[in-house]
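Peer 1: whatever this is, show me its structure:
(one chain, ligands or ions: 2)
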Amino acid sequence: DLFSALCKLQDLLREEEKLQLSLNRYISSIQESGQDVPPEILRFSESLKIKRKTIKDGYRYIEHPINDFHLLYRFVVEWQSVFDNIWCKDCEDTEAAKDFNFTVQLVSKRLGLWPSTYDLDGASSALLRLWKVYKLDLNKFINGIVQTYTADQPMSDDEVLTVAKFADSVKDDYSEMRWLEALYKRLQTRDGFSYNQTTVIRVARSLAASFYKLGFPKKGILILEPFHSLDNRGINRDVAFYLSSANSNENETIPEPTPKDAMYEALCREEQKSLQELAKLRCFLRETVIPYYKAKEEVVNYEPRIAIFHDVISPTSIEHLKSVASKGFTRSTVFLENTGPDGHVTYGKLDNVRVSQTSWLGTDDYPELSRLENRIKLTTGLSAEYKSVRSHSEKFQVLNYGVGGMYTVHYDYTGYMLGIPSNPLDSDDIRTSGERMATWMFYLNDVKAGGATVFPEVKTRIPVAKGGAAFWYNVRPSGATDPRTLHGGCPVLVGSKWVSNKWIREEGQMDRRLCGLTEDAVENFPKI
Ligand SMILES: O=C(O)CCC(=O)C(=O)O
Ligand SMILES: [Fe+2]
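Peer 2: Ligands and ions are numbered 1, 2, ... in the order given. Got it, this is the predicted structure:
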């Protein structure tokens with residue numbers, strides 16, 4: 001979906017300006033010829049004027065989840081209905097309509113794919129995810145408020161209903177109820193609220209139905225009570241139905257479902273280590289082979305050791321990485337076997353567990369990146385040299401997550417050890433390089449809210465800090481994979497997130513990391 005693809009949203013924002021200009025031309029030429037413009041088109045054009053006026057900085061606009069939702073909603077629902085209105089299949093198009101349709105076709109060509117309901121579903125799913133993971137106040141969220149960041153407009157009633165309907169479609173009854181409830185509350189506090197308004201009735205009935213679905217018919221009856229005097233047939237029927245299934249021992253509160261990855265989500269919100277454990281963590285200046293260079297190491301977990309190295313990449317290198325990576329972005333895949341309908345097996349597939357854009361950069365194409373490889377070697381003692389066969393490391397993988405972008409918990413190791421037949425479809429460089437022994441991950445920007453890297457098995461959290469890097473071993477000194485390294489990237493709440501992975505392989509580390517004498521040997525790190 002487009003929701004978390006930053007550059008795609010920027011394209012939409014830019015192309016919308018062209019559509020807007022063209023629509024204005026269409027309206028004035030219809031008016032000049034003395035005809036009437038359909039009122040719904042005039043209404044849309046007026047509201048668009050107001051919405052687009054506040055977009056001064058397009059980049060800042062799409063950093064907010066509610067703005068992103070607005071943008072996609074406009075394309076999938078509102079613009080679509082304008083097109084349907086102006087485009088006339090069986091009649092002779094007027095010059096004005098022809099001109100407008102021509103612009104639409106041009107824009108459509110430039111965008112490649114027009115945003116679809118699939119993308120809007122992705123956007124709804126992202127809003128639900130952010131609300132749940134960060135336990136956002138829903139009344140504020142639908143009004144566009146996330147911490148100190150406010151969207152240009154609150155969500156419209158129809159937009160909130162879209163998210164509730166999506167929750168219903170994926171059988172997330174609890175979320176559907178909460179979103180309808182928040183909308184109903186908002187309607188109640190609005191000037192001119194009245195029980196006989198069609199929107200109010202519609203939302204109240206949907207809310208009552210969702211209470212019923214959750215097994216709380218009495219709450220449904222209570223919601224519909226103020227509407228009794230209307231003597232509305234539909235409402236009366238609903239109430240009679242809920243009455244027939246109500247029983248006296250209905251609970252007061254509706255239990256909130258527990259999430260599948262509760263520790264991941266808790267860590268995304270805040271650190272979960274006890275104060276005693278936190279008190280033992282230390283920062284070190286780690287000696288390197290260069291006498292005057294000591295690496296700033298902050299230990300965030302001892303067993304297994306997970307560290308942040310601060311200030312290991314300069315702003316210039318960061319800009320360079322980002323700019324070359326942007327040219328080659330594709331939607332990230334995960335390393336999964338995927339059997340097609342014809343039985344043909346491919347590796348890597350699109351999946352909602354990993355929502356980001358990816359680009360691979362090697363020293364074969366960008367020799368200047370060897371300086372960064374040297375920096376990693378200097379700091380970790382491991383060789384990060386990229387080679388076309390028996391490589392010591394993989395290419396730099398640059399990732400860009402937009403709002404809602406994330407990577408659910410996973411292991412970085414592949415299960416392919418040195419000397420063991422590996423994925424035959426891997427390229428020569430890494431097929432011959434063994435396991436992903438260690439992960440080095442540069443943080444290339446600051447994220448306004450969200451986006452931490454978290455390790456649920458060891459209750460460890462790495463907040464994003466530009467210019468730093470995270471480092472840990474995915475295998476023990478013996479070479480056994482270490483499941484305690486389970487980790488994930490938290491959803492971006494506001495802003496965007498840029499990181500670059502460098503996976504260090506077994507090959508080439510022979511005399512750099514000692515294997516120890518026992519199966520469970522650990523490195524002799526300084527300990528507190
Ligand atoms: O973005 C993050 O914080 C984690 C990324 C990650 O774990 C990966 O790309 O393997
Ligand atoms: Fe990872």
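Peer 1: ramachandran coordinates for Val299?
Peer 2: phi -80, psi 130 (degrees, to the nearest 10).
Peer 1: next, the buried residues of the helix or strand where Gln276 lies.
Peer 2: Using DSSP states H and E, Gln276 sits in helix 275-280. Residues of helix 275-280 include none that count as buried (16 or more other C-beta atoms under 10 Å). Any C-beta I mention is one placed from the backbone N, CA and C, and that applies to glycine too.
Peer 1: and the residue nearest to Thr460 when sequence neighbours are not counted, bridged to which residues?
Peer 2: Spatially, and ignoring its direct neighbours in sequence, Thr460 is nearest to Asn301 (4.3 Å; C-beta to C-beta, 6 or more residues apart in numbering). Legend: beta-bridge partners of Asn301 under DSSP bridges are Ile306.
Peer 1: so what pairs up with the residue of the chain found nearest ligand 1 in the strands?
Peer 2: Distances between the chain and ligand 1 by C-beta to the nearest ligand atom are smallest at Gly489, namely 2.7 Å. According to DSSP bridges, the partner residues bridging Gly489 are Tyr407, Thr453.
Peer 1: ok, Arg129 - contacts?
Peer 2: Shown in contact with Arg129 (C-beta atoms under 8 Å, 6 or more residues apart in numbering): Gly404, Met406, Pro491.
Peer 1: just among these, which is most surrounded?
Peer 2: For the contacts of Arg129, the largest neighbour count, defined by other C-beta atoms under 10 Å, is 28 neighbours, found at Pro491.
Peer 1: just the pLDDT for the residue nearest to that one when sequence neighbours are not counted.
Peer 2: Closest residue to Pro491 apart from its sequence neighbours, by C-beta to C-beta, 6+ apart: Met406 at 4.0 Å. On pLDDT, Met406 comes in at 90.
Peer 1: near ligand 1, which residues of this structure?
Peer 2: Contacts of the chain with ligand 1, taken as C-beta under 6 Å from any ligand atom, map to Leu399, Tyr407, Asp412, Thr453, His487, Gly489, Val499, Asn501.
Peer 1: correct me, but the third one touches Thr439?
Peer 2: Yes - contact criterion C-beta atoms under 8 Å: Asp412 and Thr439 qualify, at 5.0 Å.
Peer 1: and the nearest residue to Ser116 once chain neighbours are set aside, what pLDDT?
Peer 2: For Ser116, ignoring the flanking residues on the chain, the nearest one in space by C-beta to C-beta, 6+ apart is Val76 at 6.6 Å. According to the predicted model, the pLDDT of Val76 comes to 94.
Peer 1: give me the three-state assignment for Val76.
Peer 2: Of the three states, Val76 takes helix under DSSP: H, G, I helix; E, B strand; the rest coil.
Peer 1: hey, what's the closest residue to Ala465 other than its chain neighbours bridged with?
Peer 2: Residue nearest to Ala465 in three dimensions, not counting chain neighbours: Tyr443, with 5.8 Å by C-beta to C-beta, 6+ apart. For Tyr443, the beta-bridge partners are Val499 (DSSP bridges).
Peer 1: so what's the residue count around Tyr443?
Peer 2: Using other C-beta under 10 Å, Tyr443 has 26 neighbouring residues.
Peer 1: what's near enough to touch it?
Peer 2: Val464, Ala465, Lys466, Gly467, Gly468, Ala469, Ala470, Trp498, Val499.
Peer 1: closest to Pro39 out of the residues you listed?
Peer 2: Nearest to Pro39 out of these is Trp498 (C-beta to C-beta; 45.2 Å).
Peer 1: now the closest one, nearest residue through space, not along the chain?
Peer 2: Of all residues not flanking Trp498 in the chain, Leu444 sits nearest, at 3.7 Å (C-beta to C-beta, 6+ apart).
Peer 1: looks like that neighbour contacts His320 (just checking).
Peer 2: No - counting by C-beta under 8 Å, Leu444 does not reach His320; the two are 10.4 Å apart.
Peer 1: the two - which one has more neighbours?
Peer 2: Leu444 (25 against 17).
Peer 1: quick one: contacts for the residue nearest to Ser116?
Peer 2: Neighbouring residues of Val76 by C-beta under 8 Å, 6+ apart: Pro115, Ser116, Thr117, Asp119, Leu120.
Peer 1: check Ala209 too.
Peer 2: For Ala209, the contact set (C-beta under 8 Å, 6+ apart) comprises Gly220, Asp238.
Peer 1: same check, this time on Arg186
Peer 2: Contacts for Arg186 (C-beta under 8 Å, 6+ apart) come out as Asn139, Ile142, Asn143, Val160.
Peer 1: identify the farthest-apart pair in the residues you listed.
Peer 2: Asn139 and Val160 (11.0 Å).
Peer 1: between these two, what contacts are shared?
Peer 2: Here Asn139 and Val160 have Ala182, Arg186 as joint contacts, going by C-beta under 8 Å, 6+ apart.
Peer 1: compare these two (neighbour count), which wins?
Peer 2: Val160 (24 against 14).
Peer 1: what segments of the stretch 301-450 of the chain are helices?
Peer 2: Assigned by DSSP state H, counting those that start in this stretch, the stretch 301-450 of the chain shows helices spanning 315-327, 370-380, 428-431.
Peer 1: okay, domains of the protein per the record?
Peer 2: Listed domain ranges for the chain are 1-155, 297-505 (source: automatic domain parsing).
Peer 1: just name the most buried of these.
Peer 2: When you average the neighbours per residue for each of the domains of the chain (mean count of other C-beta atoms under 10 Å), domain 297-505 leads with a mean of 19.
Peer 1: neighbouring contacts of stretch 283-295?
Peer 2: Contacts of stretch 283-295 (C-beta under 8 Å, 6+ apart): Lys296, Glu297, Glu298, Val299, Phe309, Val312, Leu378, Thr379, Pro526.
Peer 1: around Leu183, count how many other residues there are.
Peer 2: Neighbour count for Leu183, taken as other C-beta under 10 Å: 25.
Peer 1: again but with Met177, I slipped
Peer 2: 25.
Peer 1: need the contact list for it.
Peer 2: Met177 touches Leu207, Ser210, Phe211, Lys213, Leu214, Ile254, counting by C-beta under 8 Å, 6+ apart.
Peer 1: now these in TSV, with pLDDT and neighbour count?
Peer 2: Converted to TSV, those look like this (pLDDT from 0 to 100; neighbours: other C-beta atoms under 10 Å):
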residue	pLDDT	neighbour count
Leu207	98	25
Ser210	97	25
Phe211	97	25
Lys213	96	16
Leu214	96	16
Ile254	94	17
